[in-house]
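S.K.: just the structure for this:
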Amino acid sequence: MHASKVSVVVPCYNEARTIRLMLDGIISQSFPLDQMEVIIADGMSTDRTRKEIAEFQQDHPELHVRVVDNPARIIPAAVNRAIEAAEGEFIIRLDAHSRPESTYVERCVAALEAGKAANVGGVWQIAPGAQTWIAESISAAAAHPLGVGDAHYRHAKKAQFVDTVPFGAFRKSLIEQVGPFDETLLTNEDYEFNVRVRKSGGRIWLDPEIRTTYYARSTFTGLARQYLRYGFWKGRMLLRYPDTLRVRQFIPPLFVAGLIVGGLMSIFWEWPRPFYMTVIGLYVLLLLWTGLVAAIRSRKPGLAAGMPAAISIMHFCWGSALLWSVLKRK
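M.R.: Residues are numbered from 1 along each chain as shown. Below you'll find the predicted structure:
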């Protein structure tokens, strides 16, 4: 049996385009490879994902890489299947859309061994998912405060305790304490897991020196689907844990609800119309100004139109899906 100190677990489905980038990031880690294993829980991919993994295994026999099946094809199930197969004392979760910096594993393990917190993580550096102006716009929007609010894992400059971290690293024994990832949530499972960690008395530690590159969606359609899913399952999370609602999460659904109510009122009464149109106008101007500034600073003209489109998609898809989730309830 392979003796591992660290098990890197990766949920995966049809990730042929980025799975090798993630694996290349792991093989470049400063942490000893002979103390590390990689377990990829694959949702029965239909593209070249498994072939890419097999080719990597042949090229790098020095790193122990295993694939386990995830017939459920949902992220929390994938994480659970990988953890069940893990042999390491420490679990480090990554995403098939990500590439960790070379010290990622080393810093995560050091923080856990130092007793910083029950779960530790770092910051995302957002990169385009393709070499197109749309992908660059989505990447810029996903890294901008107007798009993601005050999420610490996007903007933190100093180490601190937080509500959640992307991916996360923890001792395998934490699963025995708080339970596995919730397989009734198709997304937001990491936040829900961290809620249980905090309620059990554990803390979440974010260190900006723990860094990973995350490859954003490459099309507006993909972005819309992503944020519709995020918003819907965030709504389900809030129904369970209403005390976890944060200001940045409240604004998009409130804005969407306001537009709907204001639009309906403007149909029947004249007095709301000036205020309603002013709000829409200011919102559009803010988006256009954000895109223009980004385009000038980066010298990428496509951002002038692409960023406003991407941010508005994020706001409206997330906000409307959250509202629908809460109102629908079942």
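S.K.: got the contact list for the strand or helix carrying D190?
M.R.: For D190, the enclosing helix or strand under DSSP states H and E is helix 189-199. Helix 189-199 is touched from outside by 75-76, 79, 93, 118-119, 163-168, 170, 174, 178-179, 181-183, 185, 203-204, 234, 237, 240-241, 244, with contacts defined as Cβ atoms under 8 Å, 6 or more residues apart in numbering. (Glycine included, C-beta is placed from N, CA and C.)
S.K.: buried residues in it?
M.R.: For helix 189-199, burial by neighbour count (16 or more other Cβ atoms under 10 Å) applies to 189-198.
S.K.: between those, which is nearest P145?
M.R.: Y191 (19.3 Å; Cβ to Cβ).
S.K.: so the closest one versus E270, what's the distance?
M.R.: 43 Å (Cβ to Cβ, to the nearest Å).
S.K.: the contacts of helix 189-199 in helices, which ones?
M.R.: Those of these mapping onto helices are 75-76, 79, 174, 178, 234, 237, 240, per DSSP state H.
S.K.: secondary structure class of I126, three-state.
M.R.: Under DSSP: H, G, I helix; E, B strand; the rest coil, I126 falls in the strand class.
S.K.: can you give me the neighbour number for it?
M.R.: Residues near I126, counting by other Cβ atoms under 10 Å, number 19.
S.K.: coming back round to it: what's the mean pLDDT across the helix holding D190?
M.R.: Across helix 189-199, the average pLDDT comes to 92.
S.K.: which two among the buried residues of helix 189-199 are spaced furthest apart?
M.R.: E189 and R198 (15.2 Å).
S.K.: state the number of residues packed around A169.
M.R.: So A169, with other Cβ under 10 Å, has 26 neighbours.
S.K.: again, but for W324
M.R.: 15.
S.K.: okay, the buried residues of helix 189-199 in JSON lines with distance to L259 next?
M.R.: Output for the buried residues of helix 189-199, formatted as JSON lines (distance: Cβ to Cβ, whole Å):
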{"residue": "E189", "distance to L259": "30"}
{"residue": "D190", "distance to L259": "30"}
{"residue": "Y191", "distance to L259": "26"}
{"residue": "E192", "distance to L259": "29"}
{"residue": "F193", "distance to L259": "33"}
{"residue": "N194", "distance to L259": "32"}
{"residue": "V195", "distance to L259": "30"}
{"residue": "R196", "distance to L259": "35"}
{"residue": "V197", "distance to L259": "36"}
{"residue": "R198", "distance to L259": "34"}
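S.K.: of these, closest to V261?
M.R.: Using Cβ to Cβ, the buried residues of helix 189-199 come closest to V261 at Y191, 28.5 Å.
S.K.: hang on, the earlier thing: and of the buried residues of helix 189-199, the nearest to E87?
M.R.: F193 (20.9 Å).
S.K.: mind checking how far that closest one is from A111?
M.R.: On the measure of Cβ to Cβ, F193 and A111 end up 18 Å apart.
S.K.: then G222?
M.R.: Counting by Cβ to Cβ, the gap from G222 to A111 is 33 Å.
S.K.: before we move on, what about F167?
M.R.: 13 Å.
S.K.: likewise for E87?
M.R.: In terms of Cβ to Cβ, E87 sits 21 Å off from A111.
S.K.: which one's more surrounded, the two?
M.R.: Set side by side, E87 and A111 give different neighbour counts by other Cβ under 10 Å, the larger being at A111 (22 against 16).
S.K.: identify the residues contacting the more buried one.
M.R.: A111 neighbours (Cβ under 8 Å, 6+ apart): 117, 120, 169, 205, 207, 210.
S.K.: try A72
M.R.: 43, 78, 183.
S.K.: the last one touches I74, doesn't it?
M.R.: Yes - counting by Cβ atoms under 8 Å, a contact exists between E183 and I74, whose distance comes to 6.7 Å.
S.K.: follow-up on the earlier one: format the ones in helices among the contacts of helix 189-199 as a markdown table; extra columns: pLDDT.
M.R.: Listed next are those as a markdown table, based on pLDDT from 0 to 100:
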| residue | pLDDT |
| --- | --- |
| I75 | 93 |
| P76 | 94 |
| V79 | 96 |
| L174 | 96 |
| V178 | 95 |
| K234 | 87 |
| M237 | 85 |
| R240 | 85 |
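S.K.: I'd like the distance between the residue of the chain most remote from its centre and M277.
M.R.: Relative to the centre of the chain, and counting by Cα atoms, centre = their mean, the farthest-placed residue is E270 at 42.9 Å. Separation of E270 from M277 (Cβ to Cβ) stands at 12 Å.
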